[in-house]
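**Student:** here are the coordinates; sequence isn't available:
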């Protein structure tokens, strides 16, 4: 015996999401049945909207409804620096700090020989074109994650961009604010000592 | 700055699901954008289907597309016993064992004075009517969870049904199959000793 077909289908759909197994999917499906019909309708519509209305900005690769995106088409932003991130959601993380007011560029991944991802699979070509067409840019801040792949991608970009006399910088490594030295790994401590500043 | 509206709406929808906070909802929303459009369409449709096509069986309270449900309308099932569970998904848990072939009744909850849930909030009246109309039933197996509320509900049902000369039974308590005595709590061990069987 199986659950009625509509539940089975919904469980299958939930299971396509990352980190959701059959037990959680079943729980979510049964929860959905008891939800307000209007909430379910809104959920259903927002899935379709997100899937059809969003595109990648042709300039920076960020996710947007309009093209170019809100940030690229905002003349009040500092046109002198481009912050390069791995994923669209990283753009929001930096913009939430309210301290960086420059432009962004989204790579959609990092170089990874293991997963067979080379420079041509990333949004790098458009970054180079952007730097060639826009001589206002003085600095490219590479904000890939502090992983081996993120580091390798940063090094690759630096080698590619530096010949054009543009400053290439990397985010600082060190202790996270509010973190305990006891729980920091050795590499982080090493980088924190290396990058120490005078007080 | 916010994410584009379609993402914000999708994040809000995901956050309405149990156990999903804003970080997970954001991750799921961005994952959805990169999903196959056909998969998203199927997901969207299955939400609507599950929300509109499913009803509670007018006899047993289980979730079903047809009324009465598959189990209630199956004459080959043992009409002599009714297994009473808390939730529709519990029906499936018992049916998967392939050992119980009787009927079911879904309470849709348990008695809970703390949450203000009394007998009138549960699917109990229809169980009593069912027993009055169907004299074939010889046994009611109360399979509520082994929680204080589940126990109290079982006791309540027993008091209600026993005067009609119908046997009321409760699931056995004891060690879960494959479990370690070291990790069993005292109440479980006590129940396991009390309910010991000869070998």
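**Tutor:** Looks like it arrived, so ask away. Quick caveat, the model's predicted, so the values are computed rather than measured. Residues are numbered from 1 along each chain as shown, chains lettered A, B, ... in the order given.
**Student:** alpha carbons only for contacts and neighbour counts from here, please
**Tutor:** Will do.
**Student:** quick one: secondary structure of residue A:84?
**Tutor:** Residue A:84 carries the three-state label strand when classified by DSSP: H, G, I helix; E, B strand; the rest coil.
**Student:** oh sorry, the question was meant for residue A:32
**Tutor:** Applying three-state DSSP: residue A:32 is helix.
**Student:** correct me, but it touches residue B:51?
**Tutor:** Yes. Counting by CA atoms under 8 Å, residue A:32 does reach residue B:51; the two are 7.0 Å apart.
**Student:** mutual contacts of these two, please.
**Tutor:** Common contact partners of residue A:32 and residue B:51 (CA atoms under 8 Å, 6 or more residues apart in numbering or on different chains): residue A:40.
**Student:** specify the local secondary structure of residue A:192.
**Tutor:** Looking at residue A:192 with three-state DSSP, the answer is helix.
**Student:** list the contacts for residue A:127?
**Tutor:** Residue A:127 neighbours (CA under 8 Å, 6+ apart): A:60, A:105.
**Student:** can you tell me the SS state at it?
**Tutor:** Applying three-state DSSP: residue A:127 is helix.
**Student:** quick one: it from residue A:186, how far?
**Tutor:** Residue A:127 sits 34 Å away from residue A:186, taking CA to CA, to the nearest Å as the criterion.
**Student:** right, and chain B sits closest to which residue of chain A?
**Tutor:** residue A:44 (4.4 Å; CA to the nearest CA).
**Student:** in chain A, where is pLDDT below threshold?
**Tutor:** For chain A, the stretches flagged by pLDDT under 70 are A:1.
**Student:** show the subsequent helix or strand relative to the helix or strand hosting residue A:43.
**Tutor:** Following DSSP states H and E, the helix or strand that holds residue A:43 is helix A:37-53. Following helix A:37-53 in sequence order, the next helix or strand is strand A:55-56 (DSSP H and E).
**Student:** show me what that next one is packed against.
**Tutor:** Taking 3 or more CA pairs under 8 Å, 6 or more residues apart in numbering or on different chains; DSSP states H and E as contact, the helices and strands that strand A:55-56 lies on are strand A:63-64.
**Student:** what packs against the strand it packs on?
**Tutor:** strand A:55-56.
**Student:** hey, where'd the helices end up in chain A?
**Tutor:** A:5-15, A:22-34, A:37-53, A:88-95, A:125-133, A:148-161, A:186-194 (DSSP state H).
**Student:** starting at the chain centroid, how far to the second one?
**Tutor:** Spelled out, it's helix A:22-34. Per CA atoms, centre = their mean, to the nearest Å, the displacement of helix A:22-34 from the mean C-alpha position of its chain is 29 Å.
**Student:** and if you look at the last one?
**Tutor:** When distances are taken as CA atoms, centre = their mean, helix A:186-194 is centred 25 Å away from the chain's centroid.
**Student:** which residues sit against that helix?
**Tutor:** A:173, A:174, A:175, A:181.
**Student:** would you agree the second one is in contact with residue A:184?
**Tutor:** The one in question is residue A:174. No. Using CA under 8 Å, residue A:174 is not in contact with residue A:184; the gap is 9.3 Å.
**Student:** so between the two, which is more surrounded?
**Tutor:** The neighbour count for residue A:174 versus residue A:184, taken as other CA atoms under 10 Å in any protein chain shown, is higher for residue A:174 (17 against 13).
**Student:** give the contact list for the one residue sitting closest to the centre of chain A.
**Tutor:** Geometric centre of chain A, nearest residue: residue A:87, 1.8 Å, by CA atoms, centre = their mean. Residues near residue A:87 by CA under 8 Å, 6+ apart: A:62, A:106, A:107, A:108, A:109.
**Student:** against residue A:55, how distant is it?
**Tutor:** 14 Å.
**Student:** domain parsing for chain A?
**Tutor:** The record's domain parsing of chain A by automatic domain parsing lists A:5-53, A:77-177.
**Student:** ok, the residue of chain A closest to chain B touching residue B:47?
**Tutor:** Yes. Using CA under 8 Å, residue A:44 makes contact with residue B:47 at a distance of 6.3 Å.
**Student:** more neighbours: these two, which one.
**Tutor:** Neighbours of residue A:44 and residue B:47, each counted by other CA under 10 Å, are more numerous for residue B:47; the result is 27 against 22.
**Student:** how near is that one to residue A:198?
**Tutor:** 58 Å.
**Student:** over to residue A:142?
**Tutor:** The gap separating residue A:142 from residue A:198 is 24 Å, by CA to CA.
**Student:** can you check residue A:41 too?
**Tutor:** When residue A:41 is compared with residue A:198 (using CA to CA), they lie 57 Å apart.
**Student:** with neighbour numbers in mind, choose between the two.
**Tutor:** Using other CA under 10 Å as the criterion, residue A:41 and residue A:198 rank with residue A:41 on top: 17 against 3.
**Student:** identify the residue spatially nearest to the more buried one, adjacent ones excluded.
**Tutor:** residue B:48 (6.5 Å; CA to CA, 6 or more residues apart in numbering or on different chains).
**Student:** from what I see, that neighbour and residue A:43 are in contact.
**Tutor:** No. Contact criterion CA under 8 Å: residue B:48 and residue A:43 do not qualify, at 9.2 Å.
**Student:** follow-up on the earlier one: the residue nearest to residue A:41 - how many residues pack around it?
**Tutor:** Using other CA under 10 Å, residue B:48 has 22 other residues around it.
**Student:** again, but for residue A:115
**Tutor:** By the measure other CA under 10 Å, the count of residues near residue A:115 is 7.
**Student:** what's next to stretch A:88-102, contact-wise?
**Tutor:** Residues outside stretch A:88-102 that contact it (CA under 8 Å, 6+ apart) are A:61-63, A:77-83, A:85, A:104, A:106, A:108, B:1-3, B:30.
**Student:** let's see that with 7 Å instead.
**Tutor:** Identification of contacts with stretch A:88-102 by CA atoms under 7 Å, 6 or more residues apart in numbering or on different chains yields A:62, A:63, A:77, A:78, A:79, A:80, A:81, A:82, A:85, A:104, A:106.
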